[in-house]
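**Q** quick one: sequence and predicted model below, then my questions.
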Amino acid sequence: MTIDVRGLRKSYGTKTVLDGIDLTVAPGTVTALLGPNGAGKTTTVHILSTLVKADGGTASINGHDVTRDADGVRASIGLTGQFSAVDGLLTGEENLLLMGRLRHLGAKGSKARATELLEQFDLVEAARKPLATYSGGMKRRLDLAMTLVSTPSVIFLDEPTTGLDPRSRHTMWDIVRGLVADGTTVLLTTQYLEEADELADRIAVLDGGKLVASGTPDELKRLVPGGHIQLRFADAAALDEASRVLSESARDDAALTLSVPATGGTAQLRAVLDRLDAAQVEVDDLSIHTPDLDDVFFALTGRTDTERTAS
């Protein structure tokens, strides 16, 4: 595994922030950390990026222990925090050149890498303009570009789209997808459940310093009841007969629909349609409804995403 965390613990005074969490991230994938305020998401990222020391447990990045080989970890990673780290007194190009020199790329190497990143992040026209003229989305793209100057194999994205408009958020999503397609491993914290659903191969839910669930987005959604198949019929007679055949369903006479509890599997859908077909009942329309990540989050933590903020 690219990221391997075992029994990670961290406390501040009497407050336990991380209480023995285990986490693994496979190479070339996106794992999202979700959790309410104070769950330990950002603390986890800070420990993995060597900014904070853990009180217990182990963590390694690309085989480098975060405590015993901090330099090896730092050489492998890039970190984009919740707030932009660009220098507002410099242009976009100057920010990238500065980062290149700090990464010991030399003058020529820094220039070549800056040119490449400005093109990749669609910042060529703004390259020599002061950052005061940049939109929030442009600043975040530049922030991520600076993280990539040294071509890290692992990137930590801590709330990367906070405060961005929907168009800029989608642009950032496309950039992240492109990085992963090229083999980069991403650990993402986000306050947007839609973002985790769009980007993450796996999601880890933290609450009260503990890992309360992990899995693919679809696996987590199946943990929550409420999925159903909704069937609509052309008239009341068809609805009556379907309700008789599917006695476990809930009916809505006004909408001429039946709601059949479902797990989301195709075998169950096929069985429901076969039963109706055998009774010669024709379905006018159908749709499958599954719980979303907001339902999952509320079930696991007792909060909706609107009740929480970044942590």
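**A** Perfect, thanks for sending it.

**Q** what about the protein, any weak spots by pLDDT?
**A** Across the chain, the stretches falling below the confidence threshold (pLDDT under 70) are 82-84, 263-264, 302-311.

**Q** strands along that one, start to end?
**A** Taking DSSP state E, the strands of the chain run over residues 3-12, 15-25, 30-34, 56-61, 64-65, 77-80, 154-158, 185-189, 202-207, 210-215, 228-232, 250-252, 257-261, 285-289.

**Q** quick one: strands adjacent to the longest one?
**A** Spelled out, that is strand 15-25. strand 3-12 (antiparallel) (DSSP bridges).

**Q** I figured residue 251 hits residue 245, correct?
**A** No: applying CB atoms under 8 Å as the test, residue 251 and residue 245 come out as separate, 11.9 Å apart. In short, each C-beta sits where N, CA and C put it, glycine included.

**Q** distance to residue 167 added to the strands of the chain, as JSON lines?
**A** Written out in JSON lines, the entries for those read as follows (distance: least, CB to CB, whole Å):
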{"stretch": "strand 3-12", "distance to residue 167": "31"}
{"stretch": "strand 15-25", "distance to residue 167": "29"}
{"stretch": "strand 30-34", "distance to residue 167": "21"}
{"stretch": "strand 56-61", "distance to residue 167": "33"}
{"stretch": "strand 64-65", "distance to residue 167": "38"}
{"stretch": "strand 77-80", "distance to residue 167": "19"}
{"stretch": "strand 154-158", "distance to residue 167": "19"}
{"stretch": "strand 185-189", "distance to residue 167": "20"}
{"stretch": "strand 202-207", "distance to residue 167": "25"}
{"stretch": "strand 210-215", "distance to residue 167": "30"}
{"stretch": "strand 228-232", "distance to residue 167": "32"}
{"stretch": "strand 250-252", "distance to residue 167": "37"}
{"stretch": "strand 257-261", "distance to residue 167": "36"}
{"stretch": "strand 285-289", "distance to residue 167": "28"}
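
**Q** adding mean neighbour count and distance to residue 120, write these out as a markdown table.
**A** Compiled in a markdown table, those are given as follows (neighbours: other CB atoms under 10 Å; distance: least, CB to CB, whole Å):
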| stretch | mean neighbour count | distance to residue 120 |
| --- | --- | --- |
| strand 3-12 | 18 | 24 |
| strand 15-25 | 18 | 24 |
| strand 30-34 | 26 | 18 |
| strand 56-61 | 19 | 24 |
| strand 64-65 | 16 | 27 |
| strand 77-80 | 22 | 14 |
| strand 154-158 | 24 | 14 |
| strand 185-189 | 26 | 16 |
| strand 202-207 | 24 | 26 |
| strand 210-215 | 18 | 32 |
| strand 228-232 | 20 | 44 |
| strand 250-252 | 14 | 51 |
| strand 257-261 | 19 | 47 |
| strand 285-289 | 13 | 38 |
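
**Q** so which of those is nearest residue 126?
**A** strand 77-80 (18.7 Å; CB to CB).

**Q** kindly export the closest one (C-alpha atoms) in CSV.
**A** Backbone C-alpha positions of strand 77-80 (Å, rounded to 0.1, in the frame of the first residue of the first chain) are rendered in CSV as follows:
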residue,chain,number,x,y,z
ILE,A,77,4.5,13.9,-1.0
GLY,A,78,2.8,17.1,-1.9
LEU,A,79,0.3,18.9,0.3
THR,A,80,-2.4,21.4,-0.6
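
**Q** closest one to residue 130 among the strands of the chain?
**A** Counting by CB to CB, and looking across all of the strands of the chain, nearest comes strand 77-80 at 21.4 Å.

**Q** measure residue 132 to residue 88 for me?
**A** Counting by CB to CB, to the nearest Å, the gap between residue 132 and residue 88 amounts to 7 Å.

**Q** so what's the residue nearest the centre of the chain up against?
**A** For the chain, residue 196 is the residue whose C-alpha lies nearest the centre (CA atoms, centre = their mean; 2.9 Å). Listed by CB atoms under 8 Å, 6 or more residues apart in numbering, the contact partners of residue 196 are 32, 34, 188, 190, 203, 217, 293.

**Q** save those residues as JSON lines, and put in distance to residue 115 too.
**A** JSON lines is the format used below for those (distance: CB to CB, whole Å):
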{"residue": "32", "distance to residue 115": "32"}
{"residue": "34", "distance to residue 115": "37"}
{"residue": "188", "distance to residue 115": "28"}
{"residue": "190", "distance to residue 115": "30"}
{"residue": "203", "distance to residue 115": "36"}
{"residue": "217", "distance to residue 115": "37"}
{"residue": "293", "distance to residue 115": "39"}
